[in-house]
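Enquirer: Sequence and predicted structure, then a few things I'm wondering about:
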Amino acid sequence: MAEWLYEAGIGEERAILVEGGAILAARVCWGERLRAGLVAEAKLTSKPAGARRGLARLEDGDEVLVDALPATTNEGDAIRVRIVRPALAEHGRTKRPLARHEPTAPPRPAPSLLDQLRAGSAPVREVRVAGPEFAAHGWDELVEQALSGEIAFAGGSLTVSPTPAMTLIDVDGSLSGPRLALAAVPAIAQALGRLDIGGSVGIDFPTLAGKRDRQAVDRALGEALAGSPGRWQGERTAMNGFGLVQLVSRLERPSLVARYARRGAAAARILLRGAERVAAPGALELVAHPTIRGAIRPEWEAELARRTGRQIRWREDPQLVFAGGFAQAVPA
């Protein structure tokens with residue numbers, strides 16, 4: 001039976017749904033306060049007359065977009081909102097959190113990742129960061145896929161790219177068009193769960209001239225999505241004459257690919273996880289690009305020292321790529 005494995009990392013909670021030695025789905029949380037499920041008081045600061053959407057400011061000063069506003073709501077009104085999607089970091093900008101008007105919902109913080117998992121049907125097991133469970137199921141390979149956006153399958157590969165409008169999945173390979181499209185279908189269905197991809201997704205299959213070929217891919221994709229972990233729910237278009245299919249589902253958090261596109265933030269957390277897993281005795285030396293050290297908060301470094309019981313040392317190397325940092329034991 002599939003179960004969730006959960007790690008409480010430094011600066012990053014992570015969970016993987018595993019079965020038969022493989023990762024079926026994954027979740028990552030970076031501790032943002034404005035996550036889906038938070039209910040808070042706000043003041044409506046901007047709304048066109050008669051519109052159902054506006055801009056509101058929470059009591060701590062954060063701004064959110066608000067849907068489902070009554071047409072009679074006016075600027076300056078006190079309202080209560082529920083966050084349905086956190087802020088999304090994109091190239092050159094950050095998309096504001098999205099909320100809904102929830103006048104009767106009691107104020108509450110966002111549920112933790114662990115709370116969300118426990119509310120589901122699969123059992124949840126907490127494991128140590130230094131334990132073998134995540135590595136044994138292929139966590140490092142999953143992180144590499146999230147960082148690169150590249151996923152290989154027999155006969156071809158997928159390239160997953162987050163954009164401001166949607167996540168794009170490009171199918172490429174050496175097989176003939178119909179064979180390549182069908183071979184890509186299971187990899188696509190698996191990638192949606194493994195990389196926690198939601199929202200609008202555009203899939204660029206090879207162009208298929210024959211209507212029967214397109215219909216065969218549509219059927220295969222529908223069956224693969226229906227059989228995927230969590231039973232993917234949403235809407236999808238039929239393949240058009242250019243090989244494009246669009247999927248639309250609820251977007252409640254950034255995908256792993258979108259999170260790990262923030263290279264410095266992702267590399268900092270990867271480095272901390274690696275440091276917790278160093279088994280050899282001695283002080284901990286963290287070797288990283290100066291930007292990565294700058295991304296690690298003082299409280300994270302203090303928590304690393306507390307968890308490991310070690311002295312923390314740094315060696316900055318501007319020649320290292322962001323993902324090239326590592327931790328090692330050195331004489332105390």
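Expert: Happy to help now that I have it.
Enquirer: dump the residue contacts of the residue positioned nearest the centre of the chain.
Expert: Central residue of the chain (Cα atoms, centre = their mean): residue 255, 2.6 Å from the mean position. The contact partners of residue 255, by Cβ atoms under 8 Å, 6 or more residues apart in numbering, come to 162, 167, 195, 196, 197, 198. C-betas here are computed from N, CA, C, even on glycine.
Enquirer: Not counting residues beside it along the chain, what's closest to the third one?
Expert: Meaning residue 195. residue 256 (4.6 Å; Cβ to Cβ, 6 or more residues apart in numbering).
Enquirer: Please report how far residue 291 lies from residue 149.
Expert: Distance of residue 291 to residue 149, computed by Cβ to Cβ, to the nearest Å: 21 Å.
Enquirer: Compare those two and say which is more crowded by neighbours.
Expert: residue 149 (20 against 15; other Cβ atoms under 10 Å).
Enquirer: Tell me if I'm right that that one and residue 167 touch.
Expert: No - using Cβ atoms under 8 Å, residue 149 makes no contact with residue 167, being 9.7 Å away.
Enquirer: Mutual contacts of these two, please.
Expert: Common contacts of residue 149 and residue 167 (Cβ under 8 Å, 6+ apart): 160, 161, 257.
Enquirer: Closest one of the residues you listed to residue 111?
Expert: residue 257 (23.4 Å; Cβ to Cβ).
Enquirer: That closest one reaches residue 158, doesn't it?
Expert: No - assessed by Cβ under 8 Å, residue 257 is found out of contact with residue 158, at 10.9 Å.
Enquirer: now the helices: where do they sit in the stretch 51-200 of the chain?
Expert: Here the stretch 51-200 of the chain has its helices, by DSSP state H, counting those that start in this stretch, at 113-118, 133-136, 139-148, 177-194.
Enquirer: could I get those helices as CSV with mean neighbour count, distance to residue 219 and mean pLDDT?
Expert: Converted to CSV, the helices of the stretch 51-200 of the chain look like this (neighbours: other Cβ atoms under 10 Å; distance: least, Cβ to Cβ, whole Å; pLDDT from 0 to 100):
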stretch, mean neighbour count, distance to residue 219, mean pLDDT
helix 113-118, 18, 33, 96
helix 133-136, 16, 35, 97
helix 139-148, 17, 27, 96
helix 177-194, 21, 10, 97
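Enquirer: doesn't residue 290 make contact with residue 318?
Expert: Yes - counting by Cβ under 8 Å, residue 290 is a contact partner of residue 318 at 5.8 Å.
Enquirer: any idea which helix or strand of this protein has the worst average confidence?
Expert: Lowest on mean pLDDT, DSSP states H and E among the helices and strands of the chain sits strand 88-90, with a mean of 76.
Enquirer: Next, the contact list for residue 113, please.
Expert: So residue 113 contacts 6, 13, 15, 27, 29 (Cβ under 8 Å, 6+ apart).
Enquirer: And stretch 62-71, what's buried?
Expert: Neighbour counts over stretch 62-71 (16 or more other Cβ atoms under 10 Å) mark 62, 64, 65, 66, 69 as buried.
Enquirer: Identify the residue nearest residue 28 in space, chain neighbours excluded?
Expert: Excluding the flanking residues, the one nearest residue 28 by Cβ to Cβ, 6+ apart is residue 14, at 5.1 Å.
Enquirer: Read off the pLDDT value for that neighbour.
Expert: On the pLDDT scale, residue 14 is placed at 98.
Enquirer: after the host helix or strand of it comes which helix or strand?
Expert: Taking DSSP states H and E as the definition, residue 14 sits inside strand 13-19. Downstream of strand 13-19, the first helix or strand assigned by DSSP H and E is strand 22-29.
Enquirer: The stretch 151-300 of the chain: strands as residue ranges?
Expert: 156-162, 167-173, 200-204, 235-236, 244-248, 283-288 (DSSP state E, counting those that start in this stretch).
Enquirer: need the ones you listed in JSON lines with distance to residue 116, mean neighbour count and mean pLDDT, can you?
Expert: Formatted as JSON lines, those follow (distance: least, Cβ to Cβ, whole Å; neighbours: other Cβ atoms under 10 Å; pLDDT from 0 to 100):
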{"stretch": "strand 156-162", "distance to residue 116": "22", "mean neighbour count": "19", "mean pLDDT": "96"}
{"stretch": "strand 167-173", "distance to residue 116": "21", "mean neighbour count": "19", "mean pLDDT": "97"}
{"stretch": "strand 200-204", "distance to residue 116": "22", "mean neighbour count": "19", "mean pLDDT": "98"}
{"stretch": "strand 235-236", "distance to residue 116": "24", "mean neighbour count": "12", "mean pLDDT": "96"}
{"stretch": "strand 244-248", "distance to residue 116": "22", "mean neighbour count": "17", "mean pLDDT": "98"}
{"stretch": "strand 283-288", "distance to residue 116": "31", "mean neighbour count": "21", "mean pLDDT": "97"}
